[in-house]
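Student: Provided below are the primary sequence and the corresponding predicted coordinates.
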Amino acid sequence: GAGVSQTPSNKVTEKGKYVELRCDPISGHTALYWYRQSLGQGPEFLIYFQGTGAADDSGLPNDRFFAVRPEGSVSTLKIQRTERGDSAVYLCASSPEGLAGGRVTQYFGPGTRLTVL
Amino acid sequence: AQKVTQAQTEISVVEKEDVTLDCVYETRDTTYYLFWYKQPPSGELVFLIRRNSFDEQNEISGRYSWNFQKSTSSFNFTITASQVVDSAVYFCALLTQGGSEKLVFGKGTKLTVNP
């Protein structure tokens, strides 16, 4: 079946602009995660959704970052007033249920490479 | 706080050699979960294994094996008879029962297998 998809695959923007990154999880997966991966680093947790609600947004770096999942499937990560330091690969993952306590794992998308000039 | 250390930044081997990737984790939780992921040059993270803290049995899957030792807080990954297709960045990750769904990754080890 189809995996996690992310669009766009690449996004180049100018400092100060607003961007939206989209994630389509695997159908039926209730858990959705966003991560940010800087060059040479491991993925860094940003936010976790269970259904429509953000169950844990403690990884969002500041209030310029926001994410929604209005119908419990597709999610959009929104970044306002982008800065050069926001340049990274943004990864989305989904899971049939939460990771903790279960035996499932996450399935990752290919990522969106964001470059802020 | 939860932390994962992958001390080996890069490893280079010749095909058919065995190679071990180290992973050391830190957590105060007694229930936790450990993961290994592979990130090939295409960029997409591929799940390899998940291990629960109460299951210390080592695991073998084909050429891959994992050695989980709670006494040293390590979860090392060995590839036997490495192949060029094994070239990738490998990440170890930790999830704690008390840490919500926040998966904490190490910085990764870049493995290059030369023909």
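Tutor: Perfect, I can see it now. Residues are numbered from 1 along each chain as shown, chains lettered A, B, ... in the order given.

Student: how near is the residue lying closest to residue B:56 once chain neighbours are set aside to residue B:58?
Tutor: Leaving aside its sequence neighbours, residue B:56 sits nearest to residue B:68 (C-beta to C-beta, 6 or more residues apart in numbering or on different chains; 5.4 Å). Using the backbone N, CA and C atoms, a C-beta is placed for each residue, glycine as well. Taking C-beta to C-beta, to the nearest Å as the measure, residue B:68 falls 6 Å from residue B:58.

Student: what of residue A:34?
Tutor: For residue A:34, the distance to residue B:58 - C-beta to C-beta - is 33 Å.

Student: comparing the two, which residue is more hemmed in?
Tutor: Neighbours were counted for residue A:34 and for residue B:58 using other C-beta atoms under 10 Å in any protein chain shown; residue A:34 has more, 27 against 13.

Student: the closest residue to the more buried one other than its chain neighbours: how many residues sit nearby?
Tutor: Closest residue to residue A:34 in three dimensions, ignoring its sequence neighbours and counting by C-beta to C-beta, 6+ apart: residue A:46, at 4.2 Å. Neighbourhood size, residue A:46 [other C-beta under 10 Å]: 22.

Student: who's in contact with the residue in chain B positioned nearest to chain A?
Tutor: The nearest approach of chain B to chain A comes at residue B:105, 3.2 Å away (C-beta to the nearest C-beta). Residues near residue B:105 by C-beta atoms under 8 Å, 6 or more residues apart in numbering or on different chains: A:42-44, B:4, B:37, B:91-93.

Student: perfect, that will be all.
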